[in-house]
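[1] below is the sequence, then the predicted model.
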Amino acid sequence: MLDITTNPNNRLYLNQQSNDIAPSTFPVNSDLFNGAIQPLNIPGYSAESSFTNPAVSSLDQKTQIADFIVANPGAGFSYSASDRVSGDVADAQLKPQSQSANINADPLTGMTSASGLNFSDPGNTLSTARNILGVENGSISLTDFVGVGDSHDFYRFDINTKSNFNLRLDGLRADADVKLIQDRNRNGVADFGETIDYSLESGTVPDVINVPNLAPGTYYVQVSSFLGNSTNYNLNLSATSIPELNIPTPSGSFNSNYGYGLVNTNAAVSSTLNGSNPFPDLPDLGGNNWALDVMNAPEVWNQNITGNGIVVAVVDSGVDYNHPDLDDNIWRNTGEIAENGIDDDRNGYIDDIRGWDFVASDNNPMDLDFDGHGTHIAGAIAAERNDFGITGVAPNAKIMPVRVLDTFGYGELNNVAAGIRYAADNGANVINLSLGNEFYPSLVNDAIEYANNKGSVVVIAAGNSGFSQPDYPARNADRLGIAVGSIDINGRMADTSNRAGSTPLDYLVAPGVDIYSTTPYSTYDTLTGTSMATPQVAGVVALVLNANPTLTPAQVEQILTTTANRNGLIG
């Protein structure tokens with residue numbers, strides 16, 4: 001999750017209780033909270049956020065973080081899928097601002113002083129933090145000053161594997177404080193809630209931070225003077241990699257980071273058809289279709305398997321069913337006569353010819369989300385294979401729009417559960433849930449179990465908090481559904497993607513970084529997050545079911561986990 005703080009005025013919740021709990025500072029492996037939880041919200045929805053401009057041309061591709069969920073576990077439990085924060089990163093943040101710390105290390109101690117680093121940038125802000133190398137599986141020691149005219153020092157470092165992190169600030173002549181920060185929204189500012197841990201020891205007592213199981217990613221250390229006091233300091237940083245956990249299971253080796261691996265369309269469908277060998281390789285499509293290449297989808301299309309006859313419900317913010325790259329692939333309820341005001345098919349919903357809007361309680365599930373979250377997901381699944389725009393993983397599948405999230409990406413628990421049940425009752429073979437939260441949603445979990453029992457394969461985003469295990473309901477994929485994490489074009493797991501965890505569950509990864517897809521008003525956009533990875537897997541499920549519609553959800557999950565590709569994945 002991005003910066004979580006309490007804000008009871010953000011939306012109406014039921015059963016609110018004040019002063020239940022302090023705002024989270026996100027220890028990476030937090031076991032979450034016990035007891036009553038007060039409503040939470042992501043400041044990414046506040047006025048400070050960078051919202052997508054609906055007037056921007058489809059040619060102006062933007063990269064955004066597709067964040068996940070926020071919730072209150074009472075009767076007004078809220079789900080959200082958020083893509084509110086700009087993911088654009090300034091060049092200055094990406095380019096190393098110093099040489100390797102190892103170059104000037106003391107040959108006797110292996111330690112490096114700040115003067116030896118020859119920093120060209122003062123590093124007084126997060127966006128100009130001094131880049132240091134050698135923290136992972138090493139120990140870096142810096143000496144510097146904070147005080148009058150230089151109240152903050154920032155250091156940046158990367159770790160590529162899950163690690164136990166240790167920090168010590170000592171050698172003080174006056175009080176100073178230290179924080180460990182992750183700039184989750186990549187805006188170059190230490191926003192509230194992005195502090196992972198901190199130490200505020202008084203006086204000259206050393207400050208110590210120890211974070212076990214720190215997830216791979218980019219981190220910052222902030223050293224600050226207290227009340228303008230001036231002091232020299234010594235800063236020691238180290239991170240010791242933790243071996244990846246591989247657990248033998250009936251589906252093969254389960255990795256604590258990427259689960260069973262990258263979903264493999266070719267292997268999954270050829271296995272479904274009892275093929276001893278995968279289908280022949282085809283040249284990569286390239287460009288915005290890189291995700292299809294990574295998952296080996298064109299090889300399956302070449303066998304005339306494109307999702308025909310399969311219905312995928314997008315339980316989300318709605319779908320722009322008039323989009324020219326989607327309009328021919330929108331599900332139609334053949335048991336309903338349009339606009340006659342009668343519930344012809346007696347399913348409890350009048351004139352639901354193309355799905356249902358559980359937010360407005362009407363038959364118009366149009367996507368009204370600021371960023372077109374649901375439409376983006378629908379395109380990744382089943383955008384038409386034509387001469388323009390993009391092509392979905394299953395370009396002949398049908399999309400059932402089910403709106404459960406409002407304009408700001410929030411949704412009430414009862415609506416989410418009702419939307420899942422609606423999809424299952426109306427024949428959805430696959431249900432895409434690019435939503436979730438950190439707290440156990442029993443009502444939603446019951447709906448997923450209901451859908452599973454009716455034969456729907458439920459595919460669920462793992463979440464974007466950078467945690468070592470998925471959010472709910474994806475965490476229940478040991479019993480129900482498929483959990484999905486996010487990777488980039490190089491096979492590296494996204495820093496923000498929740499990992500698989502130590503308990504074996506049906507967890508796969510799929511492309512979810514910089515995914516180009518459909519957005520409302522005939523436009524296209526680039527979004528990032530497990531919300532974008534999930535429809536890739538949902539599309540593969542549609543192809544598998546196109547190959548063999550008689551498969552049960554358990555059989556589909558078994559096929560996908562046993563055929564996943566574990567090669568070349570990073571952290």
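    Great, that's in hand. Numbering: from 1, shown residues only.

[2] where do the helices sit along the protein?
    Ranges of helices in the chain, per DSSP state H, are 91-94, 114-117, 265-272, 290-294, 298-301, 373-382, 413-425, 442-453, 530-547, 553-563.

[3] wait, which of these is closest to residue 188?
    Smallest distance to residue 188 across these (C-beta to C-beta): 6.1 Å, for helix 91-94. (C-beta placed from N, C-alpha, C; glycine too.)

[4] low-confidence ranges, the stretch 251-400 of the chain, go.
    Scanning the stretch 251-400 of the chain with the threshold set as pLDDT under 70 gives 276.

[5] would you list the helices of the chain in CSV and tack on distance to residue 196 and mean neighbour count?
    As requested, these are exported to CSV (distance: least, C-beta to C-beta, whole Å; neighbours: other C-beta atoms under 10 Å):
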stretch, distance to residue 196, mean neighbour count
helix 91-94, 18, 12
helix 114-117, 23, 18
helix 265-272, 37, 24
helix 290-294, 30, 22
helix 298-301, 41, 23
helix 373-382, 27, 33
helix 413-425, 29, 23
helix 442-453, 28, 19
helix 530-547, 20, 30
helix 553-563, 32, 21
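
[6] hmm, residue 263 and residue 569 touching each other?
    No - the criterion here is C-beta atoms under 8 Å, and residue 569 misses it with residue 263 at 11.6 Å.

[7] so which of these two has more stuff around it?
    residue 263 (30 against 20; other C-beta atoms under 10 Å).

[8] hmm, back to that, distance to residue 473 added to the helices of the chain, as JSON lines?
    JSON lines is the format used below for those (distance: least, C-beta to C-beta, whole Å):
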{"stretch": "helix 91-94", "distance to residue 473": "34"}
{"stretch": "helix 114-117", "distance to residue 473": "46"}
{"stretch": "helix 265-272", "distance to residue 473": "23"}
{"stretch": "helix 290-294", "distance to residue 473": "24"}
{"stretch": "helix 298-301", "distance to residue 473": "28"}
{"stretch": "helix 373-382", "distance to residue 473": "17"}
{"stretch": "helix 413-425", "distance to residue 473": "9"}
{"stretch": "helix 442-453", "distance to residue 473": "5"}
{"stretch": "helix 530-547", "distance to residue 473": "12"}
{"stretch": "helix 553-563", "distance to residue 473": "14"}
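
[9] and of these, who's closest to residue 489?
    So among these, helix 290-294 is nearest, using C-beta to C-beta, at 5.4 Å.

[10] please name every helix or strand in contact with the biggest strand by length in the chain.
    Assignment by DSSP state E gives strand 231-241 as the longest strand of the chain. With contacts taken as 3 or more C-beta pairs under 8 Å, 6 or more residues apart in numbering; DSSP states H and E, strand 231-241 sits against strand 139-146, strand 152-159, strand 163-170, strand 176-181, strand 217-225.

[11] what angle do it and strand 163-170 make?
    Angle of strand 231-241 versus strand 163-170, following axes from the mean of the first three to the mean of the last three C-alpha atoms, to 10 degrees, is 170 degrees.

[12] show me what counts as buried in strand 231-241.
    The neighbour-count check on strand 231-241 (16 or more other C-beta atoms under 10 Å) flags 231, 233, 234, 235, 236, 237, 238, 239, 240 as buried.

[13] now the second one: how far from residue 150?
    As defined by C-beta to C-beta, to the nearest Å, residue 233 lies at a distance of 12 Å from residue 150.

[14] swap in the first one?
    Noted for residue 231: a distance of 11 Å to residue 150, by C-beta to C-beta.

[15] what residues of stretch 184-198 count as buried?
    Neighbour count says stretch 184-198 has 184, 185, 186, 187, 188, 190, 191, 193, 194, 195, 196, 197 buried, by 16+ other C-beta under 10 Å.

[16] and those residues, which is the shakiest by pLDDT?
    Within the buried residues of stretch 184-198, pLDDT reaches its minimum at residue 193, with 74.

[17] and stretch 448-460, C-alpha only, in PDB?
    Only the C-alpha atoms of stretch 448-460 are listed here, as PDB (Å, rounded to 0.1, in the frame of the first residue of the first chain):
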ATOM      1  CA  ILE A 448     -15.000 -16.300  -4.100                       C
ATOM      2  CA  GLU A 449     -15.700 -19.700  -2.700                       C
ATOM      3  CA  TYR A 450     -19.200 -19.500  -4.100                       C
ATOM      4  CA  ALA A 451     -17.900 -18.600  -7.600                       C
ATOM      5  CA  ASN A 452     -15.200 -21.400  -7.400                       C
ATOM      6  CA  ASN A 453     -17.900 -23.900  -6.600                       C
ATOM      7  CA  LYS A 454     -19.900 -22.700  -9.600                       C
ATOM      8  CA  GLY A 455     -16.900 -23.300 -11.800                       C
ATOM      9  CA  SER A 456     -15.500 -19.800 -12.200                       C
ATOM     10  CA  VAL A 457     -11.700 -19.500 -12.000                       C
ATOM     11  CA  VAL A 458     -10.900 -16.400  -9.900                       C
ATOM     12  CA  VAL A 459      -7.700 -14.500 -10.500                       C
ATOM     13  CA  ILE A 460      -6.600 -12.000  -7.900                       C
END
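
[18] what average pLDDT does it get?
    96.

[19] residues contacting that stretch, please?
    313, 420-421, 423-425, 428-433, 436, 470, 473-474, 476-477, 480-484, 534-535, 537-538, 541, 545, 552-553, 556-557 (C-beta atoms under 8 Å, 6 or more residues apart in numbering).

[20] all good on my end, thank you.
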